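After the sequence you'll find the predicted model.
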Amino acid sequence: MQFNQRLLATFALLSLSGAVQAADDLVVYTSRIDELIKPVFDAYTAKTGVKVKFITDKEAPLMARLKAEGANTPADLLITVDAGNLWQAEQMDILQPLQSAVIAQNIPPQYRSASGSWTGLSLRARTIFYSTERVKPEELSTYEALADKNWEGRLCLRTSKKVYNQSLTATLIETHGAVKAEEIVKGWVNNLATDVFADDIALLQAIDAGQCDVGIANTYYFGRLHKQYPDIKVKLFWPNQADRGVHVNLSGAGVTKYAPHAVEAQKLLEWMTSPEAQNLFADINQEFPANPAVKPSAQVSAWGPFKADSIPLEVAGKRQVEALKLMDRAGWN
Ligand code: FE
């Protein structure tokens, strides 16, 4: 009896201290997986003493949860990938616009929301990959040229359900108008070597295995594969260097609308855009720092310099529905 009472008292104390601690901790909802984010928070805690708790899930459930929780949310910050998703979060009214001179100083305007609701933290290029056995880089030029007849039966694409391809298509529409963009996308679909892929890794492996000769994927997936298989017979190509540049997208974050610790959350977000944190955040997933003053890792730098498309990435969100319809009409599964 006495033992049980002591045990209960201990539990009460534990949960009390747990509650007190939780009230002071920052809470982050993140679609970035644990390994890619924990070292960043650990560094922030080491520097400031502020503890960061995080919940990882896919972006759609996280955003739905934020919406449902409303003013009762424990979340201070939302971290996710793709400007299309961040734009969506802004439309759902689950983020709060920030006025931050620090973020404005650190991140170029095309990589943040005009309202201040979100900012990019790291960049990834969605570029062309080719088989070093069956393609010479001189044969490649632009995304648009992958619609040409000479690539018939040689192209691999990921599913149109993935936001990355929706954002890419949105920038095609912005650049060329809907009619020409649809022609290009139809050309791609006509050139498919095989069914669309569920992920970029499988697509890159298909090029390596000889299922197709060219494809479009995000740079960090190639980085991961290349690290694992240094002999992979796939290389990256920077398209559209004579015109608009390579399609770049981002991972980013925003302070939630009802953040219990909005001021502290903004400080964390500002720190994440700083030179000190940018390499930590970008290098871990082989991405490019969104802060142009910060150099990418040696591995990422080895891919060589390139001109990036300077389209404001909000376009990815604004034209998302249009892009989805276009891809559907073109028969892109
Ligand atoms: Fe990804």
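Cool, the structure landed.

For beta bridges, what are the partners of the residue nearest in space to the middle of the chain?
By C-alpha atoms, centre = their mean, the chain has its centre lying nearest to V81, at 2.9 Å. Per DSSP bridges, the residues bridged to V81 are S251.

For it, give me its contacts.
Counting by C-beta atoms under 8 Å, 6 or more residues apart in numbering, V81 makes contact with 31-32, 59, 249-252. Heads up, the C-betas are built off the backbone N, CA and C, glycines and all.

Now for the closest residue in space to E314 that isn't next to it in sequence: which residues touch it?
In space, and not counting its chain neighbours, E314 is closest to W87: 5.9 Å by C-beta to C-beta, 6 or more residues apart in numbering. By C-beta under 8 Å, 6+ apart, the contact set of W87 is 113, 314, 316-318, 320.

just Q228 next, same as before
With C-beta under 8 Å, 6+ apart, Q228 has no contacts at all.

Retrieve the pLDDT associated with it.
Predicted confidence (pLDDT) for Q228: 96.

re earlier: make CSV from the contacts of V81 and add distance to A302, pLDDT and neighbour count to it.
Formatted as CSV, the contacts of V81 follow (distance: C-beta to C-beta, whole Å; pLDDT from 0 to 100; neighbours: other C-beta atoms under 10 Å):
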residue, distance to A302, pLDDT, neighbour count
S31, 28, 96, 20
R32, 24, 92, 23
E59, 30, 95, 22
N249, 21, 96, 26
L250, 21, 96, 26
S251, 21, 96, 27
G252, 25, 97, 30
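
Go through these and say which is closest to V135.
N249 (24.3 Å; C-beta to C-beta).

tell me the phi and psi of that closest one?
With angles defined as degrees, to the nearest 10, N249 sits at phi -130, psi -170.

and it, how far is that from A75?
In this structure, N249 and A75 are 23 Å apart, going by C-beta to C-beta, to the nearest Å.

ok, now L250?
On the measure of C-beta to C-beta, L250 and A75 end up 20 Å apart.

With S251 instead?
From S251 to A75 the distance is 17 Å (C-beta to C-beta).

same deal with H176?
39 Å.

With A104 instead?
24 Å.

Low-confidence stretches in the protein?
With pLDDT under 70 as the threshold, the chain has low-confidence stretches at 1-23.

Could you pull out the buried residues of the strand or helix carrying I184?
Assigned by DSSP states H and E, I184 falls within helix 178-190. Buried positions in helix 178-190, judged by neighbour count with 16 or more other C-beta atoms under 10 Å: 181-182, 184-189.

ok, of the residues you listed, which one's closest to P275?
Among the buried residues of helix 178-190, A181 lies closest to P275 (C-beta to C-beta), at 37.5 Å.

Now do the same contact list for that closest one.
A181 makes contact with 169, 172-173, 175, 326 under the criterion C-beta under 8 Å, 6+ apart.

rerun at 10 Å
144, 169-175, 319, 322-323, 326-327, 330 (C-beta atoms under 10 Å, 6 or more residues apart in numbering).

So between A104 and A75, which is more surrounded?
Higher neighbour count among A104 and A75: A75, with 25 against 15, using other C-beta atoms under 10 Å.

If you drop the residues flanking it in sequence, what lies closest to that one?
Closest residue in space to A75, ignoring its immediate chain neighbours: Y29 at 4.6 Å, by C-beta to C-beta, 6+ apart.

Whatever helix or strand that neighbour lives in pairs with which strands, and in what direction?
Assigned by DSSP H and E, Y29 belongs to strand 26-30. Sheet pairing of strand 26-30 (DSSP bridges) gives strand 52-56 (parallel), strand 77-81 (parallel).

After it, heading C-terminal, what element do we hit next?
Using DSSP H and E, the helix or strand that follows strand 26-30 in sequence is helix 34-48.

Packing partners of the helix or strand D328 falls within?
Taking DSSP H and E as the criterion, D328 maps to helix 320-329. With contacts taken as 3 or more C-beta pairs under 10 Å, 6 or more residues apart in numbering; DSSP states H and E, helix 320-329 sits against helix 83-91, helix 163-176, helix 178-190.
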